[in-house]
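Visitor: Just a sequence and a predicted model for now, questions to come.
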Amino acid sequence: MTLKEYKNQKDPVRMPTVCLQKGEYTLGHKIAPRFRDSHQSVWVKGFPSEYCMVNDYPRLYTTDRDGNPKERSVFVIN
């Protein structure tokens with residue numbers, strides 16, 4: 001599903017896979033702690049929440065208030 005299709009759903013689907021194209025997201029800083037997985041901040045166009053990408057894997061995760069990965073989101077960077 002595209003981001004446009006996701007935003008325009010009339011009958012929302014639970015946890016679809018939404019493939020993001022360049023221009024639909026912005027990459028932020030990358031954090032590489034010594035003993036944990038690295039993660040990078042990601043903002044999806046039109047959504048106020050911060051997401052993150054763990055170890056350069058394309059699936060995005062929601063974040064806690066400190067910017068750490070929390071739960072799997074519907075977004076995948078294509």
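Guide: Yep, it's here. Numbers count the residues shown, from 1 in each chain.
Visitor: The helix or strand of the chain with the lowest mean pLDDT pairs with which strands, parallel or anti?
Guide: Within the chain, no helix or strand scores below strand 25-31, which has a mean of 91 by mean pLDDT, DSSP states H and E. Applying DSSP bridges, strand 25-31 is found paired with strand 39-44 (antiparallel).
Visitor: centre of the chain versus the partner strand, how much separation?
Guide: Centre-to-centre, strand 39-44 and its host chain are 6 Å apart (Cα atoms, centre = their mean, to the nearest Å).
Visitor: if you average pLDDT over that strand, what comes out?
Guide: Predicted confidence along strand 39-44 averages 94 (mean pLDDT).
Visitor: next helix or strand past it?
Guide: Counting by DSSP states H and E, the next helix or strand C-terminal to strand 39-44 is strand 50-54.
Visitor: Distance from that following strand to the middle of the chain?
Guide: So, by Cα atoms, centre = their mean, the centroid of strand 50-54 is 5 Å from its chain's centroid.
Visitor: Could you export that strand as CSV, CA atoms only?
Guide: In CSV, the C-alpha atoms belonging to strand 50-54 read as follows (Å, rounded to 0.1, in the frame of the first residue of the first chain):
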residue,chain,number,x,y,z
GLU,A,50,8.9,10.3,15.2
TYR,A,51,9.7,6.8,14.0
CYS,A,52,13.1,5.0,13.9
MET,A,53,14.9,2.5,11.7
VAL,A,54,16.9,-0.2,13.6
